[in-house]
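>>> Any chance you can model this:
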Amino acid sequence: MNTLQPLFNAVTVIFIAATMLAAGLGATLPSLRAVFSNVSLLVLVLLANLVVVPLLGWGVAALFGLPSGAFVALLLIASSPGGPFGAKLGAVQHGDVVAGAAMSVLLAAIGSITFGPTVNVILDAANVGGGVSLDVAALMLTVAVLQLVPFAVGLVVRHYAPPTALSWHPLVARVSNATFLAVLAGMLLGNWRDVVALIGSLSLLAGFVFAGVAFAVGTALATGPSERRTTMGGIAAVRNVGPALAAVGLAFGNDPAVLGALAAVLLSGLAAAVPIAAILSRRRQQHAKASRA
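The predicted model follows:
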């Protein structure tokens with residue numbers, strides 16, 4: 001994938017920006033205030049994503065007895081909240097897209113600070129190794145540019161020019177959908193050797209189980225209607241790959257064992273989370289049709 005890496009990176013950036021822009025175009029200031037003023041929801045989401053899910057990653061890695069490379073990869077993923085794929089899963093499942101996007105931005109910003117210490121503590125406790133040192137300022141800048149700014153732009157357009165926002169939203173949503181599929185295909189095609197190499201090991205199964213249980217944890221540790229709670233489940237299941245990739249390069253010297261396991265864990269996690277979102281979407285569409293009948 002080396003020759004296509006710049007293209008893949010560009011498509012990923014477009015996907016993240018389009019997803020957050022679409023969420024902003026579909027949001028309103030009152031709905032956003034309602035999310036952030038819900039103290040119980042905020043506390044539970046922070047607890048789930050900053051404490052419970054990292055510990056879940058440790059538990060799953062230990063339960064499956066993963067080798068050190070896969071063990072580290074799973075802990076890196078588990079300790080990195082706020083992935084933009086989580087906001088996309090909210091749209092896929094016809095959930096609470098505004099709450100999903102808002103929480104993704106918040107968790108990504110907080111996670112850029114908590115990621116390093118969380119990984120260090122768990123790796124030391126698990127006797128796997130630590131020493132993760134990351135540029136917090138660079139991570140926060142990345143979150144701001146790729147997630148916060150597009151979301152804010154969409155929100156401003158929606159607030160000051162609602163007709164424009166409504167006309168832009170379908171096109172931006174289509175771009176988000178198309179690039180989402182392209183990113184998934186790129187991850188699979190670009191890392192298929194790593195995934196195939198891990199077939200027969202427990203790394204793929206561990207990533208799958210981790211994402212499925214994290215979805216359940218995120219749903220359980222949330223308040224409000226089912227659409228909002230399952231959206232929080234998707235947020236918890238899909239983590240932020242940026243800090244994890246940075247840690248592999250900075251703290252683990254781009255160790256192929258860690259990189260390969262990271263790709264495998266990410267893909268197997270999506271293999272668990274995306275079908276859950278699709279099933280929820282189908283059920284909600286059937287329920288909506290039955291209600292109109």
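>>> Can you pull out the low-pLDDT segments for the stretch 51-200 of the chain?
The stretch 51-200 of the chain contains residues with pLDDT under 70 at 129-136, 139, 187-188, 191, 195.
>>> residue ranges for the helices of it, please.
In the stretch 51-200 of the chain, helices defined by DSSP state H, counting those that start in this stretch lie at 53-63, 68-78, 84-92, 97-125, 136-143, 149-160, 162-190, 192-198, listed in chain order.
>>> The second one vs helix 97-125, what angle?
Taking axes from the mean of the first three to the mean of the last three Cα atoms, to 10 degrees, one finds helix 68-78 and helix 97-125 inclined to each other by 140 degrees.
>>> and helix 68-78 with helix 53-63, angle?
Per the same axes, to 10 degrees, the angle that helix 68-78 makes with helix 53-63 is 160 degrees.
>>> counting contacts, what elements does helix 68-78 pack onto?
Contact analysis of helix 68-78 by 3 or more Cβ pairs under 8 Å, 6 or more residues apart in numbering; DSSP states H and E lists helix 53-63, helix 97-125, helix 203-220, helix 241-251, helix 256-292 as its packing neighbours. Quick note: C-beta positions are derived from backbone N, CA and C, even for glycine.
>>> Throw the ones you listed into TSV and include mean neighbour count and distance to residue 81, thanks.
TSV is the format used below for those (neighbours: other Cβ atoms under 10 Å; distance: least, Cβ to Cβ, whole Å):
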stretch	mean neighbour count	distance to residue 81
helix 53-63	21	7
helix 97-125	22	4
helix 203-220	22	10
helix 241-251	21	9
helix 256-292	18	13
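>>> In a markdown table, list those along with distance to residue 15.
Listed next are those as a markdown table, based on distance: least, Cβ to Cβ, whole Å:
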| stretch | distance to residue 15 |
| --- | --- |
| helix 53-63 | 23 |
| helix 97-125 | 13 |
| helix 203-220 | 19 |
| helix 241-251 | 12 |
| helix 256-292 | 13 |
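>>> To residue 182, which of the ones you listed lies closest?
Ranking the helices and strands packed on helix 68-78 by their distance to residue 182 (criterion: Cβ to Cβ) puts helix 256-292 first, at 13.8 Å.
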